[in-house]
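> return a 3D structure for these sequence lines:
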Amino acid sequence: MGKYLLRRLATSVILVAVAASLAYLLAASSLNPRANYQGKQPPVPAHVIDNTLNQYNLNDKTPVLERYGTWVSGVVKGDFGKTWSGGSINDVMGRRIGVSLRLLLIGTVLGSALGVAIGAYAAVKQYRFSDRAIGVGSFVIMAIPVFVIATLLTMAATGLNNAAGSTLIEYTGEYNPALSGWDQFANRLNHLILPTLSLCLGQIAFYSRIQRNMMLDVLGQDFVRTAQAKGLSRRTALFKHALRTALVPAATYFAFAFGTMLTGATFTEKIFGWHGMGAWLVESIHANDTNAVAAVSLFAAVCVLVAGFLSDLIVAALDPRVRVS
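Residues are numbered from 1 along each chain as shown. I've put the predicted structure just below:
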């Protein structure tokens, strides 16, 4: 197992490096940070623009590979460079990563756990009203884009607050800075409700469909009937044997689902006014900020590959048939 994990870890590191490099090269070739200094009044002299862009490693007159080499040498040392306005990428990342991970981790745990539970329940209640209702609801949710769900939730919260005459559910921002202590903690939780729900709904629908199908495949297997024949109750046989086996495919899809959630978080952060990595990506592309785009791409690559690594761990833990050297 140890050798297997080390190989997977080494592969993940290589893939992160490749993904980040390609993202940087694409951003450096297509974005134009020089445009941010043009049209200023009074006009900024060309040599001043060149000197500034050289300091930030953003000068389009410098060959792309040379800029890439400078960027890599900084990243290896933990320095992700400067924004087009001279700010530190590291400082901005330090603030925004925590914001995004708060949404992603909570959304992933709740979405996958609830989706698996609902899917397993639907399989046990096959063809009953609850199974059909869950199926219809899941397909409807999967057919609606994340940004539409987030917008509908915002509209619903606005209507509810107006009807109540007070703010029952927060729908913009991360927290109220005027509060402190437990009041701010409760306020943060309130602000988490709608963004987390907008991310969770798609995950719940996705996992429930996968888990239902996988659960149905194992319910009629011999090992489940044998477990019941040996004296185990139906509930124990389902949870101890059937559900564990049926979880393996769901765990395999974990990395792909996390990548989808990462994309959805970009829309969620913009709609709900959260200043995370997804919102920063949109702002950075609009500002032609090559270093910032590369930093966000590196973060996304690390998140997806960590999810893939965790998926391998879960599969190895669930399936005794997995043999690694």
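> how about the helices in the stretch 151-300 of the chain?
In the stretch 151-300 of the chain, the helices defined using DSSP state H, counting those that start in this stretch lie at 181-219, 222-229, 234-237, 243-252, 254-272, 277-286, 290-318.
> looking at those, which is closest to Ala46?
Shortest distance between Ala46 and those, using Cβ to Cβ, is found for helix 290-318: 19.5 Å. (Each C-beta comes from the backbone N, C-alpha and C, glycine too.)
> that closest one: how far from the chain's middle?
9 Å (Cα atoms, centre = their mean, to the nearest Å).
> now stretch 44-59
35 Å.
> quick check: buried residues in that stretch?
Within stretch 44-59, the residues scored as buried using 16 or more other Cβ atoms under 10 Å are 49-50, 52-53, 56-59.
> pLDDT (mean, whole number) over that stretch?
For stretch 44-59, mean pLDDT is 88.
> ok, so what distance separates Gly202 from Gln211?
Distance of Gly202 to Gln211, given as Cβ to Cβ, to the nearest Å: 15 Å.
> find the centremost residue of the chain, please.
Central residue of the chain (Cα atoms, centre = their mean): Leu262, 2.6 Å from the mean position.
> ok, that residue to Leu219 distance?
As judged by Cβ to Cβ, Leu262 and Leu219 stand 33 Å apart.
> quick one on the thing from earlier: any idea which of the helices of the stretch 151-300 of the chain gets closest to Gly111?
helix 181-219 (2.6 Å).
> angle of the closest one against helix 254-272?
Relative orientation of helix 181-219 and helix 254-272, computed by axes from the mean of the first three to the mean of the last three Cα atoms, to 10 degrees: 140 degrees.
> for helix 181-219, name the packing helices and strands.
Contacts defined by 3 or more Cβ pairs under 8 Å, 6 or more residues apart in numbering; DSSP states H and E place helix 181-219 against helix 89-124, helix 129-143, helix 146-164, helix 243-252, helix 254-272.
> mean pLDDT lowest for which of the ones you listed?
helix 243-252 (a mean of 74).
> list the buried residues in it.
Using 16+ other Cβ under 10 Å as the test for burial, helix 243-252 gives 243, 245-248, 250-252.
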